[in-house]
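Colleague: Need coordinates for the following:
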Amino acid sequence: MLASSAAWYLPALFLSCLLWAFSVQLHETLRQRPVLRRLFTWAPPVLTAGLLISRAVDVLSLSPNHPEVALVLGQGADLGLRFKVLMTGQGAVEGALCSLFVFSILSPQLPSLRGASTETASFVQSRMMAHAGLWSLVALMLLFEPSSYRPVDFPPDAPTLLPRTWMDLACLAIITLLLMMAGETLTSTAHMASSGETRLLLQRAMLKTAIAGAVAWLVLFQSDMFTQTWWARPRTDARLAFGLLVAVHATVMTTAHAFSTAAEGLQASAGRQAKTLAWGLGVTALTLLVLTSSLARSVVVYPEGVEAVLVGWRWTSFALFVGAASMVLPTVGFDAAHHPEAWWFRVSVAMVLPLSVLLSDGGWLLVPALLLAGAGQQLVLMQTVSTDETRDRWLLGAFVWALCIAAAIAVNDPPHTLLLGLVALVVVSALALDLLRIERARSGPESSL
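Modeller: Numbers count the residues shown, from 1 in each chain. As a prediction, this is how the structure comes out:
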């Protein structure tokens, strides 16, 4: 195997992905050094493709010490079964990651950016690469188990594991698409205050995410995730865990973050923006604290009583610390959004989720809370931009949000709390979009989605 015969291979892939996470700075810095720039740009997809090609050679040739051959195929597997294992096993993860890298590099060629300026195209590419770099690090730590890249010293006489189904490949494709669309949403909202050249990119990304996200959530709620035991050991199925992370991230980006960024364009007063940010921080903190503390009591591996509240407080503090710390980034030039401090706070709180679950399984308590916190952030923006004509939409959204929080506390069950959070976020987002459409028609199309 390539990764085992060349000990430097996986560390080099990790380092290249880490460098991609800083592509916002490196993308322009390396413009005067074309060789280094090409190496920086193409290293992750080339290295990932190398892993995939090496795996294909071993699987198709039935290399006896290869893990998938020894544990899944055996020596008598026909060509069809070998191809299935290659397309649905670890090779599917490698192929999905390579596709994400290539899509990020070629993002300036998207039809929705046709006619955009060179500056906008470079902006989109660097941000898409940074988004892909961050999520590739999460994928490497969750999905690239060392056993998948280590030869089997003593192969069993017969296979001990069943091959994965074609549904696994379909689910990986949907999750990869959601990651791509989330990157488009993040990038386009960061450029909305500079020009309207990314508006079409945002509209199409939201439409595609709505379709792919509906399918992804339908699959997730039919999986083991909708059981009480899974939340006590969420990393038992790494693919399911990663899929849930991506689904929550893409949903929050497409609903709460996209609407809030557009609505902030309607706020002309800086004082009004400061008040909105303060209320958003308060609503986010309260929602995270109440729900994480409640969920800690319902999962058997966490304590009860006051200690459960302390568990919730630790994760809430961690999320708020990362979010508040990111609000200083506009002072060093990252301020393309209408309200850059609020933009960075929302993005950072959303990215706390994959970071927290890598630190500890307790980070999964933030999953349902983030959905309801996203709905609460939208309500704050709805209240500030609504008028007498649209006040009823805000009232209905606030009622649904409060009802879902009350039901979540009463049920006190992670799967059902997650479902209630998703319902609240979708309903509030639909009302917010309608409110934004009315207010946009009154104030002009500049801040439209």
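Colleague: neighbours of the closest residue to K275 other than its chain neighbours, just the number please.
Modeller: Nearest residue to K275, sequence neighbours excluded (C-beta to C-beta, 6 or more residues apart in numbering): T384, at 7.7 Å. For every residue, glycine as well, the C-beta is placed using N, CA and C. Neighbourhood size, T384 [other C-beta atoms under 10 Å]: 19.
Colleague: Same question for the one 5 residues further on.
Modeller: By the criterion of other C-beta under 10 Å, E389 has 11 neighbours.
Colleague: Hmm, the residue nearest to K275 is touching A278, no?
Modeller: No - T384 is beyond contact range of A278, at 11.5 Å (criterion: C-beta atoms under 8 Å).
Colleague: Name the helix or strand for M382, please.
Modeller: Assigned by DSSP states H and E, M382 falls within helix 366-385.
Colleague: Equivalent analysis for S63, please.
Modeller: Per DSSP H and E, there is no helix or strand for S63.
Colleague: For it, which residues are in contact?
Modeller: S63 makes contacts with 57, 69, as judged by C-beta atoms under 8 Å, 6 or more residues apart in numbering.
Colleague: Just give me the neighbour total for the residue nearest to W20 when sequence neighbours are not counted.
Modeller: Counting by C-beta to C-beta, 6+ apart, G133 is the residue found nearest to W20 once chain neighbours are left out, at 2.8 Å. Residues lying near G133 (other C-beta under 10 Å) number 21.
Colleague: helix or strand right after the helix or strand hosting G133?
Modeller: Using DSSP H and E, G133 sits in helix 118-143. Per DSSP H and E, the first helix or strand lying C-terminal to helix 118-143 is helix 166-190.
Colleague: Quick check: mean pLDDT of the helix or strand following that following helix?
Modeller: Of the helices and strands lying after helix 166-190 in sequence (DSSP H and E), the nearest is helix 199-220. Averaged across helix 199-220, pLDDT comes to 92.
Colleague: Please state the offset of helix 199-220 from the chain centre?
Modeller: Centroid separation for helix 199-220 versus its chain: 13 Å, with C-alpha atoms, centre = their mean, to the nearest Å.
Colleague: mind saving the C-alpha coords of it as PDB?
Modeller: Extracted in PDB, the C-alpha atoms of helix 199-220 (Å, rounded to 0.1, in the frame of the first residue of the first chain):
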ATOM      1  CA  ARG A 199     -25.600  36.700  -5.800                       C
ATOM      2  CA  LEU A 200     -26.500  34.100  -8.500                       C
ATOM      3  CA  LEU A 201     -23.900  31.800  -6.900                       C
ATOM      4  CA  LEU A 202     -25.700  32.100  -3.600                       C
ATOM      5  CA  GLN A 203     -29.200  31.600  -5.100                       C
ATOM      6  CA  ARG A 204     -28.200  28.400  -6.900                       C
ATOM      7  CA  ALA A 205     -26.300  27.100  -3.900                       C
ATOM      8  CA  MET A 206     -29.300  27.500  -1.700                       C
ATOM      9  CA  LEU A 207     -31.600  25.700  -4.200                       C
ATOM     10  CA  LYS A 208     -29.200  22.800  -4.600                       C
ATOM     11  CA  THR A 209     -28.700  22.500  -0.900                       C
ATOM     12  CA  ALA A 210     -32.400  22.500  -0.300                       C
ATOM     13  CA  ILE A 211     -32.800  19.500  -2.600                       C
ATOM     14  CA  ALA A 212     -29.700  17.500  -1.500                       C
ATOM     15  CA  GLY A 213     -30.300  18.500   2.100                       C
ATOM     16  CA  ALA A 214     -33.800  17.100   2.100                       C
ATOM     17  CA  VAL A 215     -32.500  13.700   0.800                       C
ATOM     18  CA  ALA A 216     -29.600  13.700   3.300                       C
ATOM     19  CA  TRP A 217     -31.800  14.400   6.300                       C
ATOM     20  CA  LEU A 218     -34.300  11.700   5.200                       C
ATOM     21  CA  VAL A 219     -31.500   9.200   5.100                       C
ATOM     22  CA  LEU A 220     -30.000  10.300   8.400                       C
END
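Colleague: Tell me which other helices or strands that helix touches.
Modeller: For helix 199-220, the packing partners by 3 or more C-beta pairs under 8 Å, 6 or more residues apart in numbering; DSSP states H and E come out as helix 166-190, helix 238-252.
Colleague: Can you give me the buried ones in the last one?
Modeller: Looking back up the chat, that one is helix 238-252. 238-252 (16 or more other C-beta atoms under 10 Å).
Colleague: pLDDT on the helix holding M382, on average?
Modeller: The model assigns helix 366-385 a mean pLDDT of 89.
Colleague: Could you identify the helix or strand that succeeds it?
Modeller: Remark: after helix 366-385, the chain's next helix or strand is helix 391-411, criterion DSSP H and E.
Colleague: which residues sit against that following helix?
Modeller: Helix 391-411 has contacts (C-beta under 8 Å, 6+ apart) with 287, 290-291, 294, 368, 372, 375-376, 378-379, 382-383, 386, 416-417, 420-421, 423-424, 427-428, 431-432, 434-435.
Colleague: now A375: how far from I405?
Modeller: Between A375 and I405 the distance, using C-beta to C-beta, to the nearest Å, works out to 9 Å.
Colleague: ah, wrong one, I meant V59
Modeller: Taken as C-beta to C-beta, the span from V59 to I405 is 49 Å.
Colleague: try A214
Modeller: Here the criterion is C-beta to C-beta. By it, A214 lies 23 Å from I405.
Colleague: Of these two, which one has the most company?
Modeller: The neighbour count for A214 versus I405, taken as other C-beta under 10 Å, is higher for I405 (23 against 11).
Colleague: Looking at the residue sitting furthest away from the middle of the chain now. What's its pLDDT?
Modeller: Distance from the C-alpha centroid of the chain, by C-alpha atoms, centre = their mean, peaks at D157 (41.1 Å). Listed pLDDT for D157 reads 79.
Colleague: Going by the annotation, which residue ranges form each domain of this structure?
Modeller: Using automatic domain parsing, the domain ranges for the chain come out as 2-164, 204-447.
Colleague: Save those domains as TSV, and put in distance to I175 too.
Modeller: Formatted as TSV, these follow (distance: least, C-beta to C-beta, whole Å):
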stretch	distance to I175
domain 2-164	7
domain 204-447	5
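Colleague: Low-confidence bits of the stretch 301-449 of the chain, can you list those?
Modeller: Applying pLDDT under 70 to the stretch 301-449 of the chain picks out residues 332-337, 443-449.
Colleague: now the residue nearest to W20: how far from R38?
Modeller: Taking C-beta to C-beta as the measure, G133 and R38 are separated by 16 Å.
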